Every structure is written in C-alpha cells, then in structure tokens.
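> sharing a model prediction with you, sequence too.
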Amino acid sequence: MGIYQELGLKRVVNASGRVTVLGVSTFSDRVAKAACEGGQSYVVIEDLMTRAGEIISKHTGAEASCPTSCASAAIALTVAALVTKGRYTDMMRLPDSTGLANEIVLQKGHAINYGAPMDTMIRLGGGVPVEVGQANEVHPEDIEEAINEKTVALLYVKSHHCVQKGMIGIEEMRDIAHAHGLPFMMDCAAEEDFRKYIALGADVVTYSGAKALEATTSGFVTGRREIIDNVQKQYKGIGRAMKVGKEQIVGLLAALDQYEERDHAAEVAANTAKVDWLVEHINEIPGLRAEKIQDEAGRAIFRCRVTFEPNVEAPISMAEVNERLRSGDPIVWARTEFLNLGKIDFDPRPMLNGDKELIVTRLREIMEG
C-alpha cells in the first residue's frame, strides 16, 4: 500500500504525462536523498540561490540563472524583472505597474491556459499582455506594429498547448525583438533541451524542474545576467509569495546532474514500445480504434490516441469512457485535450509495470458494458 492509499486516497495510473494535476512527476532516490539532506540543514538562502544559479548555468550555457518554485513563478518573476528593471520602489509596489513600461507582446495562439492562464502569470509580474494576430494566423506586421514605448519584451511560448499552425517562428520573433532593442523571452516549461533556446539567441528562458527533469517541485530562469540579477531581486517583493525552498533547490541541482547522465534515446525507445503495445491491444477491442501520435510541439514523445471505430455507432460517448476510467479503483487518468472531438490519449512515460495491461482491461470492460 502506498502513502496516498494510507491516507484513504485511490491509487492513480498516470497515463496523462507530467502534469500538475497529478503531481507532475516522480523523482528518483538520488533526487530524494539530495532534497532530504537539503531540508535537514540550514543555509543562507540568498547564497544558495546565487550558487545554484551558477550551477544551473553550466547546464544551460547562459550567463546566469535563478531557481524558482515552479515554471509559473519563473514567468511572473521574469516579467517583474523586465518591468521594474530591479528598481527598488517599483518592485515594492508590484503587481501595480502604473506609469511603467509594462507591455509583453505575445502571439494570440500562445495566450494559452495550461492549467492557469498565461495572461495571469504576466499580470502577476506587473506586466500587461498584448496579444497580437489571430488565434490561427499571425503575421510579422502584427508583432512589429504592436511594439511601442511601453513594450518591455516579446514572449514566445513553446508548448503543445499552443496553436501550432500559422504562428511566427522562434527565430523570426527573436529577430523582431532584437531589431527593436527588446529582450526576447521564452517559456519552455516542458521542453527537454536546456541549451537549445539560449543557443538560438533567447535573452531569457523559463523552465519547469518537475517536468522533463523529474526534479522536486521547482523551476528556473536562465539567460542574460542583467535580467537574471533583477529576477533574483524580486524575492524581496512579489517573489516572497512564491519562494523556493532549500530542499527544492538542491533537489533541482541533483536532477540536472542526473538528467545529463540519462540514456534519453533508450527512454524514447522504451516509451514508444509501450505505445505500440497499447495500439495493438486496444485495436483488438471491438468498437475502439487506436493509433500512435507524436506530441503536438514536436518533442520525441509518442502517445496512443483512442477513438471509436468509424461508421459504427458507439454505445457510449468518449466522455463517458473517460469518466468510467477516472471513477474506478485505481483511477486511470488519460489526456483529454481532444475529448470534445471524441479522442483520449495515453502517455506512456509515467506508466509503471502492469499499467498498460490494466488500461486495456478497463477499456475492454467499459466497451463490453
């Protein structure tokens, strides 16, 4: 029996991925040991944050970095740094940024809700989101003509939640920002390459620690030193409400070291094999059809997508299938971004031994009534 079952909660089969609603990810004994040791000792937090930033930067190739409590906090603190530029009295009155240059330009297809609205994270930092273009089409002119004396940065969101078609690419948006002397900020919360976007010329990038890294609940900001220095200053202001603990920081550092030692190609192969198995066995269930799909943002993540067999009247809706998966014991939690289109997806990455077999059994039971 697991610790959550001892609390009277059902076991969860995570077939959704590294998502906040299920606690994001699990961490290794190595990360847990580091977090435990960090939590059992005292340290000057500001010194730890500065040293952690130096270590994180070795993994990202940036001038400087700063740990945060999560990726959302990283966004808010970075916006605060860009708006206040580290000026003490301005930091002390955030999120009120009246009279300051405070506009953050982002493409309309990037103004997503990833469990909370991106606009909210921008506003928490004193920023004013300026959404440009249309939800499925943005032109360079949309960005260029939104820039004015109140603009402090251009933000690009790299996420499977974003509209993928019709958006301006990273390099073109970067070039527009730099042509206007503006910082180019990227949110890459779930991305798996921690050097790529700094190398591409982003001035500041935010990441989650608990997603691809499978660290403690954490995040970090990495980029130009002057911006990062002002990010760290925010902990004396709005950052107080989102402070990062010493155990979170050392767990994050351990996970970064561990990440570079992992065999990522082998992990992709193992996860793809799980997807292939699911596709094969779900396709044997009358009334269901399964296929292998790739992550919408182009990451090396493959999932099993399940729909009803075409031209056959289904006895129940896909929403009911999902509800029955979630109401059982253990709970089976699938991805439901496309549930309104009659699709559910299964992500293999968090699955434990026996989970994929249990999913097939439950689906068969549901379809047989």
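In hand now; what should we look at? No experiment lies behind these values; they were computed from the predicted model shown.
> and the strands in the stretch 251-369 of the chain, which stretches?
288-294, 302-308, 331-334, 344-346 (DSSP state E, counting those that start in this stretch).
> ignore the last one, the stretch 51-200 of the chain
Applying DSSP E, counting those that start in this stretch to the stretch 51-200 of the chain gives strands spanning 64-68, 103-107, 128-132, 151-157, 184-187.
> I'd like those laid out as CSV, including mean pLDDT and distance to Leu213.
Using the backbone N, CA and C atoms, a C-beta is placed for each residue, glycine as well. As requested, the strands of the stretch 51-200 of the chain are exported to CSV (pLDDT from 0 to 100; distance: least, CB to CB, whole Å):
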stretch, mean pLDDT, distance to Leu213
strand 64-68, 98, 12
strand 103-107, 98, 25
strand 128-132, 98, 27
strand 151-157, 98, 19
strand 184-187, 98, 16
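> for Arg335, find the nearest of these.
Nearest of those to Arg335, taken as CB to CB: strand 151-157 at 19.0 Å.
> how about the helices in the stretch 251-369 of the chain?
With helices called from DSSP state H, counting those that start in this stretch, the stretch 251-369 of the chain shows them at 264-282, 318-327, 355-368.
> which residues touch stretch 174-181?
Under the criterion CB atoms under 8 Å, 6 or more residues apart in numbering, residues 140, 143-144, 147, 151, 153-154, 156, 168, 183-184, 200-203 lie in contact with stretch 174-181.
> who's in contact with Ala111?
Pro117, Met118, Asp119, Pro129, Glu131.
> what about Glu368, distance to Val43?
58 Å (CB to CB, to the nearest Å).
> which one's more surrounded, the two?
Of the pair Glu368 and Val43, Val43 is the one with more neighbours under other CB atoms under 10 Å, namely 13 against 10.
> for the more buried one, grab phi and psi.
Dihedral angles phi and psi of Val43 (degrees, to the nearest 10) take the values phi -160, psi 150.
> surely it meets Lys246?
Yes. If you go by CB atoms under 8 Å, Val43 and Lys246 touch, sitting 5.6 Å apart.
> from the contacts of stretch 174-181, which is closest to Glu284?
Nearest to Glu284 among these: Tyr156, at 42.7 Å, using CB to CB.
> who's in contact with the residue lying closest to that closest one once chain neighbours are set aside?
Nearest non-adjacent residue to Tyr156, counting by CB to CB, 6 or more residues apart in numbering: Met186, 4.9 Å away. The contact partners of Met186, by CB under 8 Å, 6+ apart, come to Leu155, Tyr156, Val157, Lys158, Ile170, Tyr197, Ala202, Val204, Val205, Thr206.
> okay if I get those residues as TSV plus neighbour count and distance to Val360?
Output for the contacts of Met186, formatted as TSV (neighbours: other CB atoms under 10 Å; distance: CB to CB, whole Å):
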residue	neighbour count	distance to Val360
Leu155	28	42
Tyr156	26	39
Val157	23	35
Lys158	20	33
Ile170	17	39
Tyr197	25	38
Ala202	24	42
Val204	29	44
Val205	29	39
Thr206	29	38
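> could I get the residues you listed as TSV with distance to Glu260?
Below are the contacts of Met186 laid out as TSV (distance: CB to CB, whole Å):
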residue	distance to Glu260
Leu155	28
Tyr156	25
Val157	26
Lys158	21
Ile170	24
Tyr197	17
Ala202	21
Val204	22
Val205	18
Thr206	20
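> show me what Val105 is bridged to.
As for beta bridges, Val105 partners with Val130, Leu154 under DSSP bridges.
> tell me who's in contact with it.
Counted by CB under 8 Å, 6+ apart, Val105 has contacts Val130, Val132, Ile143, Ala146, Ile147, Thr151, Ala153, Leu154, Leu155.
> so the first one touches Leu106, yeah?
Yes. Under the criterion of CB under 8 Å, Val130 lies in contact with Leu106, with a separation of 7.2 Å.
> can you tell me the closest non-neighbouring residue to Ser208?
Take Ser208 and drop its neighbours on the chain: the residue closest to it by CB to CB, 6+ apart is Ala71, 3.9 Å away.
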